[in-house]
Every structure is written in structure tokens, then in C-alpha cells.
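Colleague: pasting a predicted model and its sequence here:
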Amino acid sequence: MKRFVKFLPAFLAAALLAPGHLGHLLAVTPPPTNSEPAKPSSITATDLFGDSVVAKGKGLQIKRSELDQAVSMQSQAGAQSQGIPTAQLDKSALDFLIRLHLLLAKATDSEKSNSRVLAQKVFDDLRARSGSEETINRQLRLAGLSKEAYLAQQADRMTADTVIRREIKVNVTDADARSFYETNAARFEQPEMVRISHILLSTRDENTGAELSSDLKAVKHKKAEDVLKRARAGEDFAKLADEFSEAPGAKQNHGEAKISHDDQSLPVEFKAAVFALSTNQVSEITTSAIGYHIFKLWEKIPAHKLKFDEVADNLKLALTNKAQQAELPHYLEKLWKEADVQILDEKLKK
């Protein structure tokens, strides 16, 4: 249930993403959206020392090239900008790879096959939301990834998730879920929301993310004016969104969305415009840092508390994931010992 998603990040962030856990394996990562191409490092450790084996164990071998790639991905995700030393980044990436390999070694061929199918489905859904496969491929190229490499990474993460769920048995009952619901009532309060449709005429270059020139922005604004006239003349807003909107996913959801005042991911101008509308009203053209927006408001949803029946299934899943994450370090330590993992690079041992 989409409304329940707002609750999950606050509740599960620590469990799924805590340092030393493998929680980031459980998340299916969308392609990066960097506006600038990733800057390759001038010289990698592989360039200097060859593709040596940096860690090994029973059924496990990690080479320097694989570690370099993992470090590069962490760097692109912003780890270096947070001041993490390179040596620590190397050790963190190696720890991640060892844990991933240990889990993948426990997977069946059927589980791996199912994960590849699911990874492709997720990619297809992303492609539908973005409007074209080229849009996603362009984002992947900016991060130095091929489609095949991205799909392989996502399949591995899904396989690791499957192994965790199979191997770490947790039984969360309806009573457990209801107890959490009743003792954490504030977490289930939903703020006022609006259901809208949205058309975006972007003022950013689709390849680089750079701001368009004044002349090109003027062309986009003129197009927005024409679309606004047609919307106010009574044309089907969903069809206009399908035809003109450049927002990600517009062609899949016809520009429709639910938003709240609490949504920090949206521009202030965006929220101010939609919450000022009356039902069935079409907005003026709203300008933000990413382009020109036109909104139509369909429904205002008053603040309310989610009922237990609405959240029960997702709540049980969240509590199960949390309990599994609590046991995960112990399970991984067991696998580490059984595989007799050895780190061969002396610098990575320290």
C-alpha cells in the first residue's frame, strides 16, 4: 500500500541500512541519476598491481578488479564526499563483497534464476516510468555501468535477500503486529494529502541535466502556455500528460500522484501551488528549478490515522525484516567461519 510507504523508511532505516549489516543488499537500486558523468580515477589498484586475489574462502574468491568496481560505486554514491578515507572505503567495500558472496553461495540455481527474472521485471518497470530504455541506459552510462552489469547487480541483491529470508526464520504474528500498531500510534498518522495530475515541461538538458538556454526555456514556456489553454478548455488532462509531460513515469501513471505537505522531496513551489487549488481546478504555470509545471487537483484527503487492517500485511513484513536484520550479523559470522575466509591483502587486514 503506497500510503504505508511513508512509515517504512523511518521504522526500517536503522535495520536495513545500519553499518555492518547487509541491509543495502535488500534494496533494489534504481539506475543512478547523476547529472554529471562519473569521473574515472586516473589509476586504480588493479592498474598498479594487476588483478590479484584479495580475499578467498571455500567457494569464494574476490579479485582486485571486483573490489575496485565496488569502491567506485561507493564513491559515486557519495561516500568520499562524506570524508571517508580511501583505506576505510576499500575495507568497507571488501566486507560488502565477502558477505554478498557468502550469501550467494547458499542460493539455489532456482533462486538465482528467479532473481534474474525479477531484476528484468524491475528494469522494465523503471523503463516504463522513465518513458524509454535509452533514458535509463544514459543514466547507467553516466555511472559507468552497462545494462547487463546493472541487471546482474540487482539479481545478486535479490538473491541475497531470498537467502536471508529462507535461512533466518522469524515468525511475526498478527498479535505482534497489532501490539506495535497500538504502542506506536503516532507513526500511523497521515497528514493531509492531495491527489493531483501533473504536467512537467523540463528546463534541463535530458542528457547532461544542465539548465537550458534562455531561448530554449522560452520555447518550453510557450509550449506550457499552449498546454494550459487546452487543459482549461476541458481537454482530458491525463491524455495531455501522456502527450506532453516530461516527468519520469508520466506515461505510466498519466501524471497522477498523491502528495503531502510533509514530502521533503518536492520543491516548495510545487506544494504551494497544489495545496492552493480547489477540486477540479487547473493551476497557473508554476516555475521551479527543473521546469514549468501545470497541475490539476482531483481530491483533497483529510489528515487521518491508517487503520490496522490497511497496514497489517506491510507491518508484519517490516517487523519480520527488522528481526531478520537483528540476526543477520550472527548468521554472516557463522558463514564467514565455515568458509574460512582469508583476506590476502595486508593493507585490507588492518
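Modeller: Looks like it arrived, so ask away.

Colleague: farthest from the middle of the chain: give me that residue.
Modeller: Ala233 (38.0 Å; Cα atoms, centre = their mean).

Colleague: separation between that residue and Arg116?
Modeller: Look at Ala233 and Arg116: by Cβ to Cβ, to the nearest Å, they are 48 Å apart. Using the backbone N, CA and C atoms, a C-beta is placed for each residue, glycine as well.

Colleague: surely Lys147 is in contact with Glu134?
Modeller: No: using Cβ atoms under 8 Å, Lys147 is not in contact with Glu134, being 10.8 Å away.

Colleague: the more surrounded of those two?
Modeller: The neighbour count for Lys147 versus Glu134, taken as other Cβ atoms under 10 Å, is higher for Lys147 (14 against 11).

Colleague: list the contacts of that one.
Modeller: For Lys147, the contact set (Cβ atoms under 8 Å, 6 or more residues apart in numbering) comprises 123, 136-137, 140.

Colleague: tabulate the residues you listed in TSV, adding columns for pLDDT and neighbour count.
Modeller: Formatted as TSV, these follow (pLDDT from 0 to 100; neighbours: other Cβ atoms under 10 Å):
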residue	pLDDT	neighbour count
Phe123	89	19
Ile136	79	20
Asn137	79	17
Leu140	78	17
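
Colleague: tell me where the stretch 201-350 of the chain has helices.
Modeller: Ranges of helices in the stretch 201-350 of the chain, per DSSP state H, counting those that start in this stretch, are 214-232, 237-244, 250-253, 268-275, 308-338, 346-349.

Colleague: out of these, the one nearest Leu102 is which?
Modeller: Closest of the helices of the stretch 201-350 of the chain to Leu102 is helix 308-338, at 4.3 Å (criterion: Cβ to Cβ).

Colleague: so Ala339 versus Lys106, what's the distance?
Modeller: Ala339 is 10 Å from Lys106, by Cβ to Cβ.

Colleague: ok, Lys300 next?
Modeller: 50 Å.

Colleague: swap in Arg129?
Modeller: Distance of Arg129 to Lys106, given as Cβ to Cβ: 33 Å.

Colleague: so Ala155 is in which element?
Modeller: According to DSSP states H and E, Ala155 maps onto helix 147-167.

Colleague: quick one: mean pLDDT over that helix.
Modeller: Here helix 147-167 scores 93 as its mean pLDDT.

Colleague: just the angle between that helix and helix 308-338, please?
Modeller: Relative orientation of helix 147-167 versus helix 308-338 (axes from the mean of the first three to the mean of the last three Cα atoms, to 10 degrees): 100 degrees.

Colleague: tell me which helix or strand comes right after helix 147-167.
Modeller: Using DSSP H and E, the first helix or strand after helix 147-167 is helix 174-183.

Colleague: for stretch 274-293, the distance to its chain's centre please.
Modeller: A distance of 26 Å separates the centroid of the chain from that of stretch 274-293, by Cα atoms, centre = their mean, to the nearest Å.

Colleague: counting neighbours, which bits of it end up buried?
Modeller: Buried residues in stretch 274-293, counted by 16 or more other Cβ atoms under 10 Å: 274-275, 277, 282-283, 285-287, 290-293.

Colleague: how about stretch 202-219?
Modeller: 202-204, 212, 217.

Colleague: narrow those to those in strands?
Modeller: With DSSP state E as the criterion, strands contain Ser202 from among those.

Colleague: what about the strands in the stretch 1-150 of the chain?
Modeller: In the stretch 1-150 of the chain, the segments counted as strands under DSSP state E, counting those that start in this stretch are 53-57, 60-63.

Colleague: export only the CA atoms of stretch 141-157, formatted as CSV.
Modeller: Below are the C-alpha coordinates for stretch 141-157, written out as CSV (Å, rounded to 0.1, in the frame of the first residue of the first chain):
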residue,chain,number,x,y,z
ARG,A,141,26.5,5.2,-18.8
LEU,A,142,27.0,8.2,-16.6
ALA,A,143,27.8,5.9,-13.8
GLY,A,144,30.0,3.7,-15.9
LEU,A,145,27.6,0.7,-15.9
SER,A,146,26.2,-1.4,-18.7
LYS,A,147,22.6,-2.6,-18.6
GLU,A,148,23.9,-6.2,-18.2
ALA,A,149,26.1,-5.2,-15.2
TYR,A,150,23.2,-3.3,-13.6
LEU,A,151,20.8,-6.3,-14.0
ALA,A,152,23.4,-8.7,-12.6
GLN,A,153,23.9,-6.5,-9.5
GLN,A,154,20.2,-6.3,-8.9
ALA,A,155,19.7,-10.0,-9.3
ASP,A,156,22.5,-10.7,-6.8
ARG,A,157,20.9,-8.4,-4.3
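
Colleague: off-centre distance for that stretch?
Modeller: 14 Å.

Colleague: quick one on the thing from earlier: between the contacts of Lys147, which is nearest Ser72?
Modeller: Lowest distance from Ser72 to the contacts of Lys147 (Cβ to Cβ) belongs to Leu140, with 13.6 Å.
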